[in-house]
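Engineer: Quick one: sequence plus predicted model below, questions after.
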Amino acid sequence: RNLSVFFLIDVSESMLYSSTDKLKIEYAAELAATLSYTIINAGDSIGFALFNDKIIEHVSPRQGFKQHFTLLKRLVDPRYYGGKYDLSEALKFTMAAIKQSAIFIIISDFIGLKNNWKSDIRVLGKKFDLIGIMVRDPRDFTLPDYHGNVTLGDVYTNKQMTVDIDSIKEDYEKAAETRLKELHRVFSESGSDFMSLNTDTNFVK
């Protein structure tokens, strides 16, 4: 088939969170490694870029298991992890760097979206086959049952605020659901696929 598959993997600060046994980035790394092995084993090519608010590492698509092991080597290196988040910058880089026909797979929690991410998704979706895979922790959708105040922090700005969990729980969950629907809509409008995975559920199923 001579397919070329390019992974855009989010390694920003919010991917380093976990309320389960695995950080979001660990789950994302296992997912990317599994897909990579399957693609290479079928005789197709893979390439990848690790990104936060810029491209951290970029490897052009190639065939062979050496390429697969290059991806694994990057994924297990914690020096690549952390930083802010800008999906638009990663998408613009991708559209400029990849000229040939390709399938693009974005693996991200899609937290911290800004700038013109919607139009960039639509442009990329029209140009290439695009799949968005959202990796989320259960706490990204719902807060725990807790009576009292807790301090919450923003990993991108280091700002903190003290809140009463009971008073914000319902609004938090509604906001998370609204953003999920928005992501589904934007990918669908671009003619692309989108799926949501949680770190407490095995992605193989």
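Structural biologist: Thanks, I have the structure now.

Engineer: from here on, contacts and neighbour counts on C-alpha atoms
Structural biologist: Will do.

Engineer: Quick check: next helix or strand after the helix or strand encompassing Asp171?
Structural biologist: Using DSSP states H and E, Asp171 sits in helix 165-189. Later in the chain than helix 165-189, the nearest helix or strand by DSSP H and E is strand 193-198.

Engineer: Residues in contact with that next one: which ones?
Structural biologist: 130-138, 183-184, 187-188, 203 (CA atoms under 8 Å, 6 or more residues apart in numbering).

Engineer: if we go to 7 Å?
Structural biologist: 130-138, 184, 187, 203 (CA atoms under 7 Å, 6 or more residues apart in numbering).

Engineer: among those, who's most crowded?
Structural biologist: Neighbour counts for those, by other CA atoms under 10 Å, peak at Arg136, which reaches 26 neighbours.

Engineer: Surely that one touches Thr199?
Structural biologist: Yes. Under the criterion of CA atoms under 7 Å, Arg136 makes contact with Thr199 at 6.2 Å.

Engineer: so what's in contact with the two at the same time?
Structural biologist: The contact lists of Arg136 and Thr199 share Lys24, where a contact means CA under 7 Å, 6+ apart.

Engineer: where in the chain is pLDDT low?
Structural biologist: Filtered on pLDDT under 70, the chain yields the residue ranges 1.

Engineer: Kindly recompute the last result at 90.
Structural biologist: 1-3, 94-101, 114-116, 127, 144-148, 152-158, 204-205 (pLDDT under 90).

Engineer: Do a quick rundown of the helices in it.
Structural biologist: 24-41, 65-75, 87-97, 117-127, 165-189 (DSSP state H).

Engineer: For the ones you listed, state which one has the densest average packing.
Structural biologist: helix 24-41 (a mean of 20; mean count of other CA atoms under 10 Å).

Engineer: List the contacts of the residue nearest the centre of the chain.
Structural biologist: Central residue of the chain (CA atoms, centre = their mean): Ser108, 0.8 Å from the mean position. Taking CA under 7 Å, 6+ apart, we find Ser108 in contact with 9-10, 133-135.

Engineer: One more: Arg136?
Structural biologist: Contact analysis of Arg136 by CA under 7 Å, 6+ apart lists 24, 109, 197-199.

Engineer: swap in Leu180?
Structural biologist: Shown in contact with Leu180 (CA under 7 Å, 6+ apart): no residues.

Engineer: Also the one 4 residues further on?
Structural biologist: For His184, the residues meeting the contact criterion (CA under 7 Å, 6+ apart) are Phe194.

Engineer: Next one: it from Met195, what distance?
Structural biologist: According to CA to CA, to the nearest Å, His184 stands 8 Å off from Met195.

Engineer: What of Glu177?
Structural biologist: For Glu177 relative to Met195 (CA to CA), the value is 14 Å.

Engineer: again, but for Leu143
Structural biologist: Leu143 sits 22 Å away from Met195, going by CA to CA.

Engineer: just to revisit the earlier point, what would the helices of the chain look like in TSV with distance to Tyr81?
Structural biologist: Shown next, in TSV, are the helices of the chain (distance: least, CA to CA, whole Å):
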stretch	distance to Tyr81
helix 24-41	8
helix 65-75	9
helix 87-97	15
helix 117-127	22
helix 165-189	24
